[in-house]
Structures are given as C-alpha cells and as structure tokens.
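In: This is a predicted model, with the sequence first.
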Amino acid sequence: MKFYFPDSHDLVDPSFDFESEQRTYNGSRQRSQQYAHEALDEPPYDGMLLSKAVVDGRNKNTRYSFGQVRSLMDNGIHKFLRLEATQQRARLSAMGDCGSFSFASEDEPPFTVDEIVDFYGQCGFDLGISLDHVILGYQPDPKKEIPDDWKRRHQMTLDLAAEFRNKSRTLKHFTPLGAAQGWDPASYRDAVQNLQKMGYDYIAVGGLVPLKTKEIIDVLASISMVRNKKTKIHLLGISRLERFEDFAKHGVASLDSTAPLKQAFMDDKNNYHTHDELFTAVRIPQVDGNPQLKRNILAGRIDLSEALGMERACMSSVIGFARGNGSLDAAISELRAYERLWSGKKDDSERYRHTLASRPWEKCPCSICRQLGVHVVIFRGADRNRRRGFHNLFVLHQNLSKLRPN
Ligand SMILES: [Zn+2]
C-alpha cells in the first residue's frame with residue numbers, strides 16, 4: 001500500500017545542534033531546510049500530495065508565498081519539492097488534489113475543472129484527483145431523510161469527475177483519479193459504480209476523515225460489492241493504524257495523512273510511534289517558550305533563575321540517563337519537579353518513566369533515531385518535535401509497504 005504525505009511546508013533545519021540548541025541558518029527556509037524525504041536516508045513515503053487550495057492565493061489557508069507559487073509553476077513540482085531521483089533513492093511521485101475540505105462550507109468549489117487541469121499540467125503531477133465537493137455529514141440510517149444539499153454535492157462531484165476525465169486526457173504521463181463523495185455506504189457505492197462507467201480505475205474516496213473506523217470499513221465493504229478487479233482505491237486523509245489489513249482487503253492501494261506527523265507534537269500522549277506501541281514524549285519546555293511559565297515569572301510568582309535551573313537539570317538528567325550516566329529515578333524526579341512548575345496539575349511522570357525505561361529510540365533503524373538518540377523523544381521545540389513526526393511517518397510507511405491491496 002502506498003503512502004502519500006500532504007505537503008504543508010514541514011521542514012527541519014539541518015544546521016540545528018541538539019547539544020547547544022544553536023543554528024546557523026541562512027537564506028530561504030524552503031531552500032535551506034529539509035523535507036522528511038531529505039532528512040531521512042530512506043524516504044518515509046512514496047510521494048507527496050499537494051492541494052491546489054494550499055497554493056492558491058484566493059484561499060485564506062494558503063501556505064505558499066507568491067514567490068514560492070511562481071517557483072513551483074516555473075520549475076514543476078518534482079523540482080520544487082525536490083522529489084527527483086538522487087543517488088540514494090528513486091524519484092518520488094507527486095499527487096494533486098483540489099483540497100476540498102478547505103472550502104467544504106461554501107456552496108460551490110472555488111475552482112473550475114479547467115483550472116485544476118491547468119494546475120496539474122503546469123506543475124507536472126504524476127497523478128491527480130478530480131475536482132470534488134465534500135458532503136458535511138454521514139447518515140447510514142436509510143429511514144432518515146437526507147438533505148438535498150448532500151445529494152446535490154454527490155451528483156456535482158460525479159459531474160465534475162466526468163468533465164475532468166475528458167479534459168485531463170490532454171495531460172501526458174498522468175493518471176487521473178475520480179473522486180467519490182457520499183453520506184452512507186450505498187451512496188459511496190453508487191459513486192464508485194458511476195466513476196468506473198466513466199473509465200476510472202483509480203478512485204479517491206473522500207469525506208471519510210470525521211468517520212469512525214468501523215464506518216469507514218462499512219463504506220469500503222459496500223464499495224467492494226461493485227468494485228472491478230483492477231480498480232484501485234485511495235483513501236483521502238486517513239491513517240487508522242489498527243485496520244490497515246482490512247483496508248488492503250477492500251482494494252485500498254494508497255492513502256494520505258498528516259496524522260503521524262501531527263501526533264508527534266499535538267497529541268496528549270501518543271507522540272512517538274513504533275510498530276507495536278505508542279509512546280508519550282518527555283516534555284521539557286523552554287522556559288521562555290511556555291506561556292504559563294512566562295506569565296508566572298512576569299507576575300513574580302516564579303523565580304526566573306530557579307525555573308532555568310530546573311529546565312537545565314531536566315535536560316542533563318534525561319540525556320545522562322540515556323547515556324548510562326545517571327538513574328531513571330533521578331531523571332523522573334527532576335521532570336516531575338519541573339512539570340509541577342510549568343503545568344500545575346498535570347502528572348505524566350509514569351508515562352515518561354515508561355518511555356525512558358523502554359528506550360525505543362535504540363531499536364528504531366531510521367536515521368533520525370540513529371542521529372538524535374534520546375532527543376527524538378524529548379518534546380521541545382520544532383526541530384525535535386518535527387523530526388519525531390518524520391520518524392512516525394517512517395514507521396507508518398514501513399507498515400504500509402508490507403501490505404498488498406486485494
Ligand atoms: Zn526512528
């Protein structure tokens with residue numbers, strides 16, 4: 001099963017020094033920093049996904065500057081995201097989509113099919129998904145009334161797919177994917193049936209992100225009733241570690257997700273992934289980077305030099321323990337004392353103890369764990385946190401690459 005990683009400028013600074021926490025950073029961030037496929041010696045995905053909504057200036061969520069959009073259009077996506085083949089690895093694929101979640105609340109998509117086809121052609125995408133419009137609801141109970149707007153979006157997505165199928169024939173070395181939207185297993189099945197009639201043999205199933213895993217399986221099982229043998233399924237925005245084998249059984253050939261990266265620094269506890277366990281990263285916030293701590297220092301409730309001393313003691317006792325100079329109990333007691341200061345109520349010390357005692361970074365073959373050692377499980381600053389996310393992508397990719405779609 002292939003894994004595509006959606007681009008949203010997630011880069012790390014190769015000049016960051018983990019001991020001194022200094023960087024020698026210069027020039028453009030996009031040019032001087034590294035994508036996950038550059039930071040790791042083996043790319044943690046088969047390709048990247050880029051949404052038109054992310055680069056389109058009309059969209060308020062755009063992540064690209066004017067200069068970056070120009071460079072993308074002039075040089076093409078493979079050069080811009082540095083996906084071209086290198087001595088170490090083969091060329092990575094580029095998949096395009098319209099980014100329909102970002103305009104789901106609008107009546108109509110803000111783009112036309114012509115604009116999408118131009119975008120794919122100009123950037124040189126290898127694969128691209130037809131323009132679609134997300135249905136903002138799921139209702140599997142056939143006795144319940146379905147809003148007209150849901151039916152309208154379902155039909156609109158099919159009409160746009162038919163138009164895209166014809167217009168994308170002008171693109172060279174390009175695989176079109178038809179988008180399927182629905183509100184229950186039967187409406188998704190209907191969408192897939194129609195897309196196959198249009199000639200699609202690769203179908204992107206969208207709108208599944210808010211669904212429970214069991215509901216996603218129900219949708220896939222329903223699609224399997226009509227799916228042609230050669231039709232492949234792509235799941236948009238989905239990574240549910242626990243059910244990949246079921247996904248493969250239902251013809252899922254690829255998926256995309258940012259979840260493994262985001263969980264590294266946005267999840268309360270599942271920050272560092274391994275094949276059989278999710279670990280909590282050890283939080284040692286920078287005194288001047290923690291809002292609550294800063295407020296208390298400014299108000300005179302906490303002494304600045306005392307806080308800085310505790311932060312340093314946490315870093316040195318955790319690193320010391322990892323290197324075999326110091327006890328786990330000493331590290332946990334420093335972490336607990338500092339946590340009381342920066343967090344108040346929270347007590348994650350048992351989770352921290354489990355992470356440090358298990359030493360998962362020593363068992364991971366990825367180049368980030370090999371280079372960073374214990375720093376990869378320290379929750380502190382973008383350079384550590386994002387690299388932990390890259391490691392999570394690597395683990396997911398390893399799991400997925402073992403699976404073959406049925
Ligand atoms: Zn790793």
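Out: In hand now; what should we look at?
In: ok, Leu393 - contacts?
Out: Leu393 is in contact with Phe3, Phe5, Ala36, Pro44, Tyr45, Pro260, Leu261, counting by Cβ atoms under 8 Å, 6 or more residues apart in numbering. Quick note: C-beta positions are derived from backbone N, CA and C, even for glycine.
In: and the ion, which of the residues you listed contact it?
Out: Near the ion, taking Cβ under 5 Å from the ion as the test, no member of the contacts of Leu393 is found.
In: Could you export those residues to JSON lines, including columns for secondary structure and neighbour count?
Out: Shown next, in JSON lines, are the contacts of Leu393 (DSSP: H, G, I helix; E, B strand; the rest coil; neighbours: other Cβ atoms under 10 Å):
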{"residue": "Phe3", "secondary structure": "strand", "neighbour count": "23"}
{"residue": "Phe5", "secondary structure": "strand", "neighbour count": "27"}
{"residue": "Ala36", "secondary structure": "helix", "neighbour count": "25"}
{"residue": "Pro44", "secondary structure": "coil", "neighbour count": "25"}
{"residue": "Tyr45", "secondary structure": "coil", "neighbour count": "26"}
{"residue": "Pro260", "secondary structure": "helix", "neighbour count": "25"}
{"residue": "Leu261", "secondary structure": "helix", "neighbour count": "24"}
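In: Cys366: which of the residues you listed is nearest?
Out: When those are ranked by distance to Cys366 (Cβ to Cβ), Pro44 comes first, at 7.8 Å.
In: mind checking pLDDT for that closest one?
Out: Note on Pro44: pLDDT of 97.
In: Asn61 now?
Out: Note on Asn61: pLDDT of 69.
In: quick one on the thing from earlier: from the contacts of Leu393, pick the one nearest the ion.
Out: The ion lies nearest to Pro44 out of these, by Cβ to the ion, at 9.4 Å.
In: From the rest of the structure, what touches stretch 181-196?
Out: By Cβ under 8 Å, 6+ apart, the residues outside stretch 181-196 that reach it are 132-135, 137-140, 142, 146, 150, 153-154, 157-158, 161, 178, 180, 203, 205-207, 218-219, 221-223, 225-228, 231.
In: no wait, stretch 161-169
Out: Applying Cβ under 8 Å, 6+ apart, the contact partners of stretch 161-169 are 113-114, 116-117, 120, 128, 130-132, 174, 176, 178-179, 194-195, 198-200.
In: re the thing from before, among the contacts of stretch 181-196, name the ones in helices.
Out: Within the contacts of stretch 181-196, residues falling in helices by DSSP state H are Trp150, Arg153, His154, Thr157, Leu158, Ala161, Asp218, Val219, Ala221, Ser222, Ile223.
In: residues contacting the fourth one?
Out: By Cβ under 8 Å, 6+ apart, the contact list for Thr157 reads Ser130, Asp132, His133, Ala179, Ala180, Gln181, Ala191.
In: same thing with the third one?
Out: When contacts are counted by Cβ under 8 Å, 6+ apart, His154 touches Ile135, Gln181, Gly182, Trp183, Ser187, Asp190, Ala191.
In: okay, whichever residue of the stretch 101-250 of the chain sits closest to the ion: pLDDT?
Out: Closest contact between the stretch 101-250 of the chain and the ion, by Cβ to the ion, is at Leu241 (15.8 Å). Confidence at Leu241, expressed as pLDDT, is 72.
In: That one: how many residues sit nearby?
Out: Using other Cβ atoms under 10 Å, Leu241 has 16 other residues around it.
In: residues in contact with Thr213?
Out: By Cβ under 8 Å, 6+ apart, the contact set of Thr213 is Arg240, Glu242, Arg243.
In: okay but the last one is in contact with Glu215, surely?
Out: Going back to what we said before, that points to Arg243. No - with contacts counted by Cβ atoms under 8 Å, Arg243 stays clear of Glu215, the gap being 11.3 Å.
In: Near the ion, which residues of the stretch 301-406 of the chain are found?
Out: Cys364, Cys366, Cys369, His391.
In: what's the answer for the chain, then?
Out: Cys364, Cys366, Cys369, His391.
In: gap between Asp141 and Met225?
Out: Distance of Asp141 to Met225, given as Cβ to Cβ, to the nearest Å: 19 Å.
In: These two - which one has more neighbours?
Out: Met225 (11 against 8).
In: Excluding chain neighbours, give the residue nearest to that one in space.
Out: Arg189 (6.2 Å; Cβ to Cβ, 6 or more residues apart in numbering).
In: Over to Tyr338?
Out: Met310 (4.3 Å).
In: tell me the contacts of the one you found?
Out: Glu334, Ala337, Tyr338, Leu341.
In: Which stretches in the stretch 251-400 of the chain count as helices?
Out: 259-266, 291-298, 304-322, 328-343, 349-358, 367-372, 381-401 (DSSP state H, counting those that start in this stretch).
In: okay, those helices, which one's buried deepest?
Out: Greatest average neighbour count among those goes to helix 381-401 (a mean of 22), per mean count of other Cβ atoms under 10 Å.
In: and that one with helix 259-266, angle?
Out: Relative orientation of helix 381-401 versus helix 259-266 (axes from the mean of the first three to the mean of the last three Cα atoms, to 10 degrees): 150 degrees.
In: chain center to helix 381-401, what's the gap?
Out: 9 Å (Cα atoms, centre = their mean, to the nearest Å).
In: Was I right to think Leu11 contacts Gln30?
Out: Yes - judged on Cβ under 8 Å, Leu11 makes contact with Gln30 at a distance of 6.9 Å.
In: what's Gly237 in contact with, if anything?
Out: Pro6, Phe101, Gly206, Leu208, Val209, Asp256, Ser257, Thr258.
In: same check, this time on Ser222
Out: Contacts of Ser222 (Cβ under 8 Å, 6+ apart): Pro185, Ala186, Tyr188, Arg189.
In: Please report phi then psi for the second one.
Out: So that's Ala186. In this entry, Ala186 is assigned phi and psi values of phi -70, psi -40 (degrees, to the nearest 10).
In: Would you quantify the distance from it to Leu177?
Out: 22 Å.
In: Counting neighbours, go ahead and name the busier of these two.
Out: Ranked by neighbour count (other Cβ under 10 Å), Ala186 and Leu177 place Leu177 first, with 27 against 14.
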